[in-house]
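>>> predicted model and sequence below, questions to follow.
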Amino acid sequence: MAFRNGLISFLIVIVTSLITIAAGIILIVKFKNGFNALRLTGILLILIAVVMLLFSKKVCIRNVRLKENIVVTPMTNLQISSNIKSVKDIIESIESFSSFEVNTTNGVNTAVSVKRSDGIIEMLTGVDPKGAHLDIKVSVFDSVENACKSYNFNYKNYSKDYGIMNSSGTENDRYFVTYKNQLRSSAETMFQLTDTYVTYVFFQKGNMIIRLWETRDSGDSSKIDSYINLLSNKLSTLK
């Protein structure tokens with residue numbers, strides 16, 4: 001259950017919880033030497049109010065997390081045994097991208113203002129904005145170890161912000177899919193529930209990390225499945 005007007009709903013839940021706690025305390029104090037059933041009712045009211053307070057932010061303020069069926073098998077079935085050096089020509093050949101960027105120069109990550117020792121030797125970004133907006137980022141690392149560190153870092157952060165709907169695989173051949181998050185607006189617009197949805201999918205294949213990020217409106221169809229299938233076919237040449 002989620003409330004469309006987040007801030008107003010949050011305040012209603014807070015006020016209701018405080019009133020419920022007060023009612024519970026009154027029952028406990030008034031009947032402390034009397035009817036046990038009423039004292040028990042007071043305790044239950046306080047417990048219910050505490051639970052309401054604990055979940056108020058999750059229900060009223062946070063994005064709404066929804067399940068959806070993402071078919072990852074084309075990518076999970078892909079076997080890449082060799083250490084990857086570059087996938088630029090493969091990713092650049094995807095014709096449906098309206099833009100394509102190479103975010104590395106001579107093995108240096110230029111996507112950030114300060115040089116980092118994250119081990120990325122090639123970072124590629126392709127965007128398909130028609131209908132659902134899909135952003136694909138492919139990062140090739142200098143070692144499987146650095147790719148694992150990046151995957152673990154992303155898993156931790158996206159789990160917190162978006163929730164992990166599904167994940168599986170081995171230490172260097174794995175994936176995770178976030179829930180489809182229905183976004184809320186900012187505090188200035190009272191955390192209104194919008195009709196915009198966001199989903200992330202991450203794959204690790206050896207020393208390569210692939211991230212798919214889709215943003216779509218309620219009337220748009222998802223393109224994630226078709227791009228997973230497309231990427232797996234393109235990358236199969238690396239075997």
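It's in.

>>> what's the weakest-modelled helix or strand in the protein?
Taking mean pLDDT, DSSP states H and E as the measure, strand 108-109 is the helix or strand of the chain with the lowest mean score, a mean of 64.

>>> pLDDT on whichever helix or strand comes after that strand, on average?
The helix or strand immediately downstream of strand 108-109 is strand 120-128, counting by DSSP states H and E. Across strand 120-128, pLDDT averages out at 94.

>>> from P74, how far off is H133?
H133 sits 22 Å away from P74, going by CB to CB, to the nearest Å. Glycine gets a C-beta too; all of them are placed from N, C-alpha and C.

>>> element containing Y151, please.
With DSSP H and E as the criterion, Y151 is inside helix 144-161.

>>> helices or strands next to that helix in the packing?
On a contact count with 3 or more CB pairs under 8 Å, 6 or more residues apart in numbering; DSSP states H and E, helix 144-161 meets strand 133-141, strand 164-170, strand 173-178, strand 193-205, strand 208-217.

>>> and stretch 161-177, what's its mean pLDDT?
Mean predicted lDDT for stretch 161-177 stands at 95.

>>> what distance separates the start and the end of it?
13 Å (CA to CA, to the nearest Å).

>>> and for stretch 211-230?
Terminal residues of stretch 211-230 are spaced 14 Å apart (CA to CA).

>>> list the buried residues of it.
Under the neighbour-count criterion of 16 or more other CB atoms under 10 Å, stretch 211-230 has R211, L212, W213, E214, T215, R216, S222, K223, I224, Y227, I228 buried.

>>> same list, the residues you listed, but as a markdown table with distance to F203 and pLDDT please.
Listed next are the buried residues of stretch 211-230 as a markdown table, based on distance: CB to CB, whole Å; pLDDT from 0 to 100:
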| residue | distance to F203 | pLDDT |
| --- | --- | --- |
| R211 | 8 | 98 |
| L212 | 8 | 98 |
| W213 | 13 | 98 |
| E214 | 14 | 97 |
| T215 | 19 | 96 |
| R216 | 20 | 94 |
| S222 | 17 | 95 |
| K223 | 16 | 96 |
| I224 | 12 | 97 |
| Y227 | 11 | 97 |
| I228 | 8 | 97 |
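
>>> looking at these, spot the one nearest E122.
R211 (14.0 Å; CB to CB).

>>> give the contact list for the closest one.
I136, K137, V138, S139, N154, Y200, V201, F202 (CB atoms under 8 Å, 6 or more residues apart in numbering).

>>> again, only using 7 Å
K137, Y200, F202 (CB atoms under 7 Å, 6 or more residues apart in numbering).

>>> quick check: closest non-adjacent residue to the second one.
Just to be clear, that refers to Y200. Nearest in space to Y200, with sequence neighbours left out and distances taken as CB to CB, 6 or more residues apart in numbering, is T178 at 4.5 Å.
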